[in-house]
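Undergrad: The amino acid sequence is not available; the structure is as follows:
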């Protein structure tokens, strides 16, 4: 897994990786003053960005990725998966993001 994480980090450092997140952040610019769940938060790039103007909870199962997350803006980070979020009450969040997650799901039939 460590090799995949390093490869992804290298991709983020490339111009196309930076442009990708610039475009994504532009699309998310109107999310302000919300309770946000970033499910499958990875390195926390989106959670960190949204935490500038929102109350953010990030959930990520990969502890290695969580350890490498930036935290320029405070947000809550949990290590977990679907089991973790099943404990939240309905309508706990105004916005739920599940960004770049499905490609890592092993059993998509569940």
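TA: Structure received. Here the structure is a predicted model, which means the values were calculated and not measured.
Undergrad: When you work out contacts or count neighbours from here on, use the C-alpha atoms and nothing else.
TA: Fine.
Undergrad: Contacts only, for residue 44.
TA: Counting by Cα atoms under 8 Å, 6 or more residues apart in numbering, residue 44 touches 58, 66, 69-71.
Undergrad: And the nearest residue to residue 78 once chain neighbours are set aside, its phi and psi?
TA: Closest residue to residue 78 apart from its sequence neighbours, by Cα to Cα, 6 or more residues apart in numbering: residue 59 at 4.9 Å. Main-chain dihedrals, residue 59, degrees, to the nearest 10: phi -120, psi 130.
Undergrad: Report the contact partners of residue 59.
TA: Counted by Cα under 8 Å, 6+ apart, residue 59 has contacts 37-41, 77-81, 84.
Undergrad: Which pLDDT value belongs to the residue nearest in space to the middle of the chain?
TA: The centre of the chain sits closest to residue 41, judged by Cα atoms, centre = their mean, with a distance of 2.1 Å. We have a pLDDT of 93 for residue 41.
Undergrad: Same question for residue 108.
TA: Per-residue pLDDT puts residue 108 at 64.
Undergrad: From the contacts of residue 44, which land in helices?
TA: If you go by DSSP state H, the contacts of residue 44 have residue 66 in helices.
Undergrad: Out of the contacts of residue 44, who's the most crowded?
TA: Greatest neighbour count in the contacts of residue 44, by other Cα atoms under 10 Å, goes to residue 58: 25 neighbours.
Undergrad: which residue ranges form the helices in this protein?
TA: 2-13, 15-27, 45-50, 63-67, 82-85.
Undergrad: Redo those as CSV? Include distance to residue 92 and mean pLDDT.
TA: Listed next are the helices of the chain as CSV, based on distance: least, Cα to Cα, whole Å; pLDDT from 0 to 100:
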stretch, distance to residue 92, mean pLDDT
helix 2-13, 31, 81
helix 15-27, 23, 93
helix 45-50, 17, 96
helix 63-67, 23, 91
helix 82-85, 10, 82
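Undergrad: Return the most buried member of those helices.
TA: Counting by mean count of other Cα atoms under 10 Å, helix 45-50 has the highest mean neighbour count of these, with a mean of 22.
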